[in-house]
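[1] what's the 3D shape of this:
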Amino acid sequence: MPLPAPAPIGVFDSGVGGLSIVRALRVQLPGASIVYLADQQHVPYGPRPMDEIRAFSEGITRFLLDQGAEMIVVACNTASAAALRDLREEFPEVPFVGMEPAVKPAAEGTRSGVVGVLATPATFQGELFASVVERFAQGVRLVNQTVPGLVEQIEAGQLDTPETAAMIQRALKPILEAGADTIVLACTHYPFVIPVIERLAGPDVKVIDPAPAIARQAARLHPAPPSAGEARAGRLALMTTGDPRTFAAISRLLIGEGEAAVRASWLGGKLAFG
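    Now for the predicted structure:
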């Protein structure tokens, strides 16, 4: 009798950004099944109040657990900053993996002593970012920049357009003028425009994608799928509070997966199908 497959990994974000984490999970845990929820009704989370983001995160977590997930990846820097601590307190039996800005490797690797950070306003305001800075950025100058409108561009699949490049260039200008040689991407949407960032920043600036480290941490916590010789690619189930057809199409564009998506709707602060 074959052994039962491990429970799926639940992953959520405000939109398509967390698919950058899914892409890394596919490399690290190719046999694992994933259930992904994009809360596109409320994208972007960045400008929203922390209490509102916490409420969304709790509702999504309950929904993913109802779908059988036994581990939750909060694939959103903003939601991690606002809600990760509360989620761990509310669901103490559930392993959580959250996004932590990659300030530590940036601080360890910088030669100029100046590091740029691209994130949303809520990420910069959260206790998590302040804690990371306090622990790992002593003696390093951080130049923190938001990129207004970039999440929306990526949600629309506008990855390398003149408008997208102009947004990124405006955000990079103070970072590069300060002499940064390393840039931290503290929003899961941003890895999808790494080629544009690298082109505009130049060859001497290192851009840190946090997704591989998050996937490695998830692999440490999640039961291994069947042995590599017999494992098939795990199932990817896509759900969105936005338009399922559009979401499936952008998923195929970004990660090459996503034949179909299912709609979930908010009803009285809870998520349900339909």
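
[2] in this protein, which spans are strands?
    9-13, 34-38, 71-74, 96-98, 114-119, 141-145, 182-186, 206-208, 236-240, 261-267, 270-273 (DSSP state E).

[3] most tightly packed of those?
    Comparing the strands of the chain by mean neighbour count (mean count of other C-beta atoms under 10 Å), strand 9-13 ranks first with a mean of 28. To be clear about C-beta, it is placed using only N, CA and C from the backbone, and glycine gets the same treatment.

[4] who's in contact with it?
    Contact with strand 9-13 is made by 18-19, 21-22, 25, 29, 32-39, 57, 60-61, 64-65, 67, 69, 71-76, 79, 188, 218, 222, as judged by C-beta atoms under 8 Å, 6 or more residues apart in numbering.

[5] and if you look at stretch 143-159?
    Stretch 143-159 has contacts (C-beta under 8 Å, 6+ apart) with 14-17, 40, 43-44, 46, 114-121, 124, 161, 163-164, 167-168, 170-172, 174-175, 178, 180, 187, 189-190, 192-193, 196, 249-250, 253-254.

[6] in terms of pLDDT, where does the residue lying closest to residue 135 once chain neighbours are set aside sit?
    Using C-beta to C-beta, 6 or more residues apart in numbering and skipping the chain neighbours, the partner closest in space to residue 135 is residue 104 (7.6 Å). The per-residue pLDDT reported for residue 104 equals 94.

[7] neighbours around residue 104, how many?
    By other C-beta atoms under 10 Å, the residues close to residue 104 number 15.

[8] what's the spacing between it and residue 97?
    Separation of residue 104 from residue 97 (C-beta to C-beta, to the nearest Å): 16 Å.

[9] likewise residue 111?
    As defined by C-beta to C-beta, residue 111 lies at a distance of 30 Å from residue 97.

[10] likewise for residue 8?
    14 Å.

[11] quickly list the domain ranges of this protein.
    Here the domain parsing of the chain from automatic domain parsing is 9-99+213-273, 103-209.

[12] check which residues of the helix or strand of the chain with the lowest mean pLDDT are buried.
    Lowest on mean pLDDT, DSSP states H and E among the helices and strands of the chain sits helix 121-125, with a mean of 88. By 16 or more other C-beta atoms under 10 Å, the buried positions in helix 121-125 come out as 122, 123, 124.

[13] which of those lies closest to residue 140?
    residue 124 (16.0 Å; C-beta to C-beta).

[14] beta-bridge partners for the closest residue to that closest one other than its chain neighbours, please?
    Counting by C-beta to C-beta, 6+ apart, residue 124 lies nearest to residue 144, which is 5.6 Å off, once chain neighbours are set aside. For residue 144, the beta-bridge partners are residue 117 (DSSP bridges).

[15] which pLDDT value belongs to residue 144?
    On pLDDT, residue 144 comes in at 97.

[16] now residue 259
    87.
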